[in-house]
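Colleague: Can you look at this prediction? I've put the sequence above it.
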Amino acid sequence: MSARDGGSDVPEETPHPEGVKTPEEPTAGATPLEGGRNPRRRAKIALVTTLTLILVLVLTLAVPVTRDGLLGLWCDATGGVCPSEPLPPLTEDEKTDWRVEMEPEEAALWGNYVALGDSYSSGDGAGDYDPETAEPGECWRSENAYPHLIEQEFDFEGALAFYACSSHRGEQMLEQVGTPESQIERVTEHTSLVTLGIGGNDLGFIPVLRTCIVRMPLLERTACTAQEDEVDERMDVFEETLTEVLSQIRDRAPDARVLVLGYPRLFPEEPPGMYYTLSAGDQRWLNTVAERFNERIRDTAYRADGDIYGSRQVGSVEYVNVFSALNGHEVSADDAWLNGIVLGELGEGIRVDRASFHPTAAGQRSVAERVRLQIEEGPERVLYQSRDRLESVSPEVLTRELGGPLDPVHGGREDEASNEEDGGEEDTEAADTDS
C-alpha cells in the first residue's frame, strides 16, 4: 500500500521559462490598472506560463536521462525509497547471487513471526486474555489481537512469538536489550516477519487524553492544546528511539520484513458534538496529534527502508497505515470499535482506565486486515532474502529459535539443557557398546 502522502509548497513567484516572453505594455484598447497592468492580460500570461511549464515537464519526463535526474532529486529531497527504479547494475564483486528475489507473501512466511509492541498490539481492551498476562501491571495479551489473527490467516513455516506488552515504550524496549524481559531479544536470525506497534506511551497519549478530559475547571478550554509543545518534543525524541529500535531488530533478523504500524484515529473526522468533556475542537486536535505522530513513524520507517534498498541489503522496513482503520466506528459511534472512557464508581467521576480508547475485538480485526494487505502486497519495490539464510532454515531451527536466546521456556535455556541431557545419554550408550 502506498503511503507517500504530502504536498508541495507553491512558490510565490514562478520564473518564466526560457523562450517565453511577457509583454510589458497593455494591449490597445485595454484599460490600464495600477502599475500599467491589465488583469485579463495578466491571467493570459499566467496561463501561457503554466502551459509552457507543463510542456517542459512532459518533454523532460520523456527523456530518460533527465527523468532519472528528476527521480533522483525527488528521492534525495524526500529521503524515501524509489520503488519505480531498478537497483543500479551489479558490480563484478556483487555478482555472487547471494540474494534471492521473493514475492511479498513468500518473503513473510518462510520463518517465525515475532509480534512486538504496546497495548494496541497486545490487544488490551479486546478481551479473551491469556490468564498469565491478565493481571495489573502485566501485558494483557488477547486472543483477539491482530498478531493472532495474522497467524491464523497465513501458513507460516514457523510459529508466532507474541511478546507485545501493554504499557511498553520504545525507550523501554531499548533499555531491556540483553535481559530476559526484552521484546527485541525475541527476534532471531530466522524470523521472516516482525510486526511492531510502539510509541503511544513514549508520546504519553493516554496522559494527554486524561489531561484533556479530567480538566479543572471543566470549562477550561485550553487543557488539550496547551500540551502541544510538549507533545512535539516527545515526537522528536521518539523518532530517534524508533530508529534505534528498528536497527536492533534488523541486526537480529536482517532478512525479516518489519511492518511498523501507526495508530488509528480515535474520534470522528467531523465530531458531531461533545464527548464527555471533550469539545469538537478538542477531538479534532487529538486526531491531528495522532496523524502527525503517524507521519513521524512513517517517515522513520521509510528512511530505514531507503537505507536497505540503497545499500542492496535484504529484508525490509514497511509502514502500515491504520489511521482510518476504525472509520465510522470511532469512540463516539453507536457501533464503536474502540473502548470509550471507563467510568469509576458512583461519586468517583470520570476515570481514564488502562483499556480506555483501545480497540475492541472488532477494531483488532480491522487493524489485522490492514496488516494482511501489507503482507500480501508488500512494499513498492522488489524484496530480497539471503540464499544462505533460506537454505539453513528448518523446522528444528525455527522451534529452537522461538522466543529468542534469553527465553527460559522456549528459546535458550530449556533447549540447551535438553540437548545436553540427550547428548549425555548418547555418550553413555556409546560407552556401553564400546565396552
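Modeller: Ah, there it is. Residues are numbered from 1 along each chain as shown.

Colleague: Let me know whether residue 368 touches residue 154 as I believe.
Modeller: No. With contacts counted by CB atoms under 8 Å, residue 368 stays clear of residue 154, the gap being 11.0 Å. C-betas here are computed from N, CA, C, even on glycine.

Colleague: Any stretches of the stretch 1-150 of the chain with poor pLDDT?
Modeller: 1-96 (pLDDT under 70).

Colleague: And residue 368 and residue 154? Which one has more around it.
Modeller: Using other CB atoms under 10 Å as the criterion, residue 368 and residue 154 rank with residue 368 on top: 22 against 15.

Colleague: distance of that one from residue 147?
Modeller: Counting by CB to CB, to the nearest Å, the separation of residue 368 from residue 147 is 8 Å.

Colleague: Between the two ends of stretch 101-112, what distance do you get?
Modeller: One end of stretch 101-112 to the other measures 19 Å (CA to CA, to the nearest Å).

Colleague: Buried ones in that stretch, by neighbour count?
Modeller: For stretch 101-112, burial by neighbour count (16 or more other CB atoms under 10 Å) applies to 102, 104, 107-112.

Colleague: just stretch 195-208 next, same as before
Modeller: 195-206, 208.

Colleague: what's the closest of those to residue 237?
Modeller: residue 202 (7.3 Å; CB to CB).

Colleague: What strand or helix carries that closest one?
Modeller: Residue 202 belongs to helix 200-203 when elements are defined using DSSP states H and E.

Colleague: Does anything pack onto that helix? Which helices or strands?
Modeller: Secondary-structure packing of helix 200-203 (3 or more CB pairs under 8 Å, 6 or more residues apart in numbering; DSSP states H and E): helix 119-122, helix 228-252.

Colleague: so can I have JSON lines of the buried residues of stretch 101-112 showing secondary structure?
Modeller: JSON lines is the format used below for the buried residues of stretch 101-112 (DSSP: H, G, I helix; E, B strand; the rest coil):
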{"residue": "102", "secondary structure": "strand"}
{"residue": "104", "secondary structure": "helix"}
{"residue": "107", "secondary structure": "helix"}
{"residue": "108", "secondary structure": "helix"}
{"residue": "109", "secondary structure": "helix"}
{"residue": "110", "secondary structure": "coil"}
{"residue": "111", "secondary structure": "coil"}
{"residue": "112", "secondary structure": "strand"}
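
Colleague: now residue 154, nearest residue through space, not along the chain?
Modeller: residue 109 (5.7 Å; CB to CB, 6 or more residues apart in numbering).

Colleague: Quick check: the one you found vs residue 321, distance?
Modeller: 22 Å.

Colleague: cool, and residue 117?
Modeller: For residue 117 relative to residue 321 (CB to CB), the value is 16 Å.

Colleague: show me where the stretch 151-300 of the chain has helices.
Modeller: Listed in chain order, the helices of the stretch 151-300 of the chain (DSSP state H, counting those that start in this stretch) span 170-175, 200-203, 205-213, 228-252, 280-310.

Colleague: Just name the most buried of the ones you listed.
Modeller: helix 200-203 (a mean of 22; mean count of other CB atoms under 10 Å).

Colleague: contact partners of it?
Modeller: Under the criterion CB atoms under 8 Å, 6 or more residues apart in numbering, residues 118-120, 167-171, 206, 231, 234-235, 237-238, 241, 263, 289, 293 lie in contact with helix 200-203.

Colleague: Output that helix in CSV, but only the C-alpha positions, please.
Modeller: Provided in CSV are the C-alpha atoms of helix 200-203 (Å, rounded to 0.1, in the frame of the first residue of the first chain):
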residue,chain,number,x,y,z
GLY,A,200,1.9,5.8,22.1
ASN,A,201,3.3,5.5,25.6
ASP,A,202,6.5,7.4,24.6
LEU,A,203,4.2,10.2,23.4
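
Colleague: Give me the number of neighbouring residues for residue 335.
Modeller: Using other CB under 10 Å, residue 335 is surrounded by 7 other residues.

Colleague: Sorry, slip of the keys, the one I care about is residue 272.
Modeller: Summarising burial for residue 272: neighbours were counted as other CB under 10 Å, giving 10.

Colleague: so who does it touch?
Modeller: 280, 332.

Colleague: For it, give its distance to residue 332.
Modeller: Distance from residue 272 to residue 332, by CB to CB: 7 Å.

Colleague: can you check residue 105 too?
Modeller: Taking CB to CB as the measure, residue 105 falls 37 Å from residue 332.

Colleague: and what of residue 221?
Modeller: 20 Å.

Colleague: And for residue 288?
Modeller: In terms of CB to CB, residue 288 sits 17 Å off from residue 332.

Colleague: same check, this time on residue 301
Modeller: Applying CB to CB to residue 301 and residue 332 gives a distance of 30 Å.

Colleague: again, but for residue 374
Modeller: Separation of residue 374 from residue 332 (CB to CB) stands at 28 Å.

Colleague: what about the two, which has more around it?
Modeller: It is residue 374, of residue 374 and residue 332, that has more neighbours when counted by other CB under 10 Å, with 22 against 19.

Colleague: Now that one: which helix or strand?
Modeller: Using DSSP H and E, residue 374 falls in helix 361-377.

Colleague: And for residue 135, the neighbour number?
Modeller: 10.

Colleague: how much space between it and residue 129?
Modeller: 9 Å.

Colleague: can you check residue 390 too?
Modeller: From residue 390 over to residue 129 the distance is 36 Å, taken as CB to CB.

Colleague: Find the pair from the buried residues of stretch 101-112 with maximum spatial separation.
Modeller: 104 and 112 (17.5 Å).

Colleague: pLDDT on stretch 277-291, on average?
Modeller: Taken as a whole, stretch 277-291 has an average pLDDT of 94.

Colleague: Contacts for that stretch next, please.
Modeller: With contacts defined as CB under 8 Å, 6+ apart, stretch 277-291 is touched by 203, 205, 208-209, 212-215, 218, 221, 223-225, 228, 231, 263-269, 271-275, 323, 350.

Colleague: now stretch 136-154
Modeller: Residues contacting stretch 136-154 (CB under 8 Å, 6+ apart): 105, 108-109, 113, 115, 119, 121-130, 132-134, 159-160, 162, 164-168, 195, 354-355, 361, 364-365, 367-368, 371-372, 375.
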